[in-house]
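1. coords please:
(2 chains)
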Amino acid sequence: MTDQEKIAMLEEIWELDEGTLATDTVLADVDEYDSMAKLSLIVLMDDEFGVKLTGDVIKGFKTVSDILKLMVIA
Amino acid sequence: MLTEIKNVKVIGMAAAVSPEWDSIKEMADEDEVTIKRFIKKTGVSGRYSASPKQTTADFCYAAAEKLIAEKSIDKNQIGILIFVTQTSDYRIPATACVLQHRLDLSNECICFDINLGCSGFVYGLNIVSCLLANTGTKYGLLLAGDTSAREHSNLRKQKEGRSGTWLFGDSGTATLLEKEDGNSLRFLSNTDGRRYKAIISPYGGWRNPDSPDGRTHYAVMDDIAVFNFATEEAPNQLNEYMGMTGTTPENYDCLVLHQANLMIMKRVAKKTAFPEEKMLVSMNLFGNTSSASIPISLVDKYGDTEDPNKINALCCGFGVGLSWATVAFEIATSGILPLVHTDEYFKDGYNLDDQVK
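-> Predicted coordinates for the structure are as follows:
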C-alpha cells in the first residue's frame, strides 16, 4: 500500500477533502484532528491493520507520517 | 463473576425526563461542520436536560409513581428501594431514604444508594434481585439515573473535553421486580479499579475537597482509554455471558447497551455478532444518560407498543469505575410504560433555621 493510499484512508475517516494531508502535515495544525478523529483512527487501525492504539501511542503522533509507519498489514 | 438469582422477575419499567428537548444544533455555539461530525460519530442529536431545581430523584420519583399506579401495586408490599446515582440530592442522607418518604413506602423497607454510573443499572438489578430472593417481601424497586447534563454544563470549554458538554442527558428510571417461582436472573459482573482515573470527578469529595479553580462539580474523561476499554471489555463479557448461558444473538430480541456513543456501540455489536438492527439506539434523543441508559432504551423502543408480547433483552452496562456488567431478562412489553415527562421538583423547604431548632 502506498503512502498516498494510506493518506486517502485518513482523509476519508476524518472527512477531509482529498489532498488536505501530506506525509509532513503536523497533526496539531489539523482542526479536525480532535478526540472524535482519534477514535475513528483507533477503529481504522484495528479493523484494517490489526493494530491496537493506546492513548500514549496516539499522544506520540506528531505528523501524518508517524501514523503511516504503523499502517502496515501484518 | 457469574451470579444466578432464583425466583425473581422483572415486571415493569418506566422512565422520566423533563418536558423540553434541546437540539444540539440550537444549543451549541460551534461551527456547523463540527456539530455535524459530532452528531454522526456520537449519534446524539439532542437531549432532555433538567431544570435548575430538578434532580435525578425527581425523575425517578415520577417514573416510580407512574409504574406503581399502572401496575396497581400495593405500596406496603415494596420492601426494597435501591437508588443508583452519582447525582444524589444530598451528601447525606442517602436519597433512597428521602424517596421512601416521597413515595410513601412502608417502614419495613430496605433503602440505600449506590454510587455507580454506566454499569449501575445492571449492578442495581443484581442487588435488588439478591435482596428480593432472600427476604420475605414481594416487590423490589430499582431507581436509576443521573443529571450528567447539569453536571457537564460546568465543564471547561476546551478542544479535548468539548464532547462531554453535549453528550449527556438527564433522566431517571424505575424498574420493578417481583418474586416469582421458577424464573431466574443471571449476571456477569466485573470491575477494574486500576483504571479509576479514566472517568473521575476528582474534586469536592473528602480526598480533594477544593479544586484549583474553585469549581468542584465536573467530571473528566480520558476518551481514548474509555473507548478502548468499552470496545474490548463489553464484547468480551457479552461473549462470555452467551457462552456460559449457552445462548447466541438469535435467542435475544434486542441487545441493550449502555448508550455511550454510537461508534462504541456499533463495535460492540460487531464483536458479539449481533445484527445492528437488534441493537437499541436511544441516545440520538436522550444522549448518554449514565445508569438510566438501558431502561430508557427499552422505554424508547417498547413503551408505546400497541401489540403486546414478551421480549428477551440482553443488556450490558460499562463505564465509570471502571465497572461493567451483563444481564439478560424477559419482560412483557405491556410492563414497559410510555415515557413520562415532568417539570416537578421536591420542595424540601430546607433552610438554615432547621439546623438550630
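
2. what's the biggest helix in chain A, counting residues?
-> helix A:35-49 (DSSP state H).

3. alpha carbons of the helix or strand following it, as PDB, please.
-> Using DSSP states H and E, the next helix or strand after helix A:35-49 towards the C-terminus is helix A:55-59. Extracted C-alpha coordinates of helix A:55-59, given in PDB (Å, rounded to 0.1, in the frame of the first residue of the first chain):
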ATOM      1  CA  GLY A  55      -3.600   6.800  24.300                       C
ATOM      2  CA  ASP A  56       0.200   7.000  24.800                       C
ATOM      3  CA  VAL A  57       0.900   5.900  21.200                       C
ATOM      4  CA  ILE A  58      -1.600   8.400  19.900                       C
ATOM      5  CA  LYS A  59       0.000  11.200  22.000                       C
END
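
4. buried sites along helix A:55-59?
-> A:55, A:57-58 (16 or more other CB atoms under 10 Å in any protein chain shown). Any C-beta I mention is one placed from the backbone N, CA and C, and that applies to glycine too.

5. close to chain B, is that helix?
-> Yes. Contact of helix A:55-59 with chain B (CB under 8 Å from any CB of the partner chain) involves A:55, A:58.

6. give the other helices and strands that the next helix or strand after that helix contacts.
-> Counting by DSSP H and E, the element after helix A:55-59 in chain order, helix or strand, is helix A:64-68. With contacts taken as 3 or more CB pairs under 8 Å, 6 or more residues apart in numbering or on different chains; DSSP states H and E, helix A:64-68 sits against helix A:3-13.

7. flag every buried residue along the helix it packs on.
-> For helix A:3-13, a neighbour-count test (16+ other CB under 10 Å) marks A:6-7, A:9-11 as buried.

8. helices or strands up against it?
-> Using 3+ CB pairs under 8 Å, 6+ apart, the elements in contact with helix A:3-13 are helix A:35-49, helix A:64-68.

9. rewinding a little: closest one of the buried residues of helix A:55-59 to B:Asn208?
-> Comparing the buried residues of helix A:55-59 against B:Asn208 with CB to CB places A:Gly55 closest, at 22.7 Å.

10. surely the closest one meets B:Asp222?
-> Yes. With contact defined as CB atoms under 8 Å, A:Gly55 counts as touching B:Asp222 (6.5 Å).

11. any common contacting residues for the two?
-> Common contact partners of A:Gly55 and B:Asp222 (CB atoms under 8 Å, 6 or more residues apart in numbering or on different chains): none.

12. where exactly do the helices run in the stretch 1-150 of chain B?
-> B:24-27, B:32-42, B:56-70, B:95-102, B:120-133, B:148-152 (DSSP state H, counting those that start in this stretch).

13. I'd like the next helix or strand past the biggest helix by length in chain B.
-> Secondary structure of chain B per DSSP H: the longest helix is helix B:223-245. Going down the chain from helix B:223-245, the next helix or strand is strand B:254-257, by DSSP H and E.

14. what packs against that next one?
-> With contacts taken as 3+ CB pairs under 8 Å, 6+ apart, strand B:254-257 sits against helix B:262-271, helix B:293-302, strand B:310-319.
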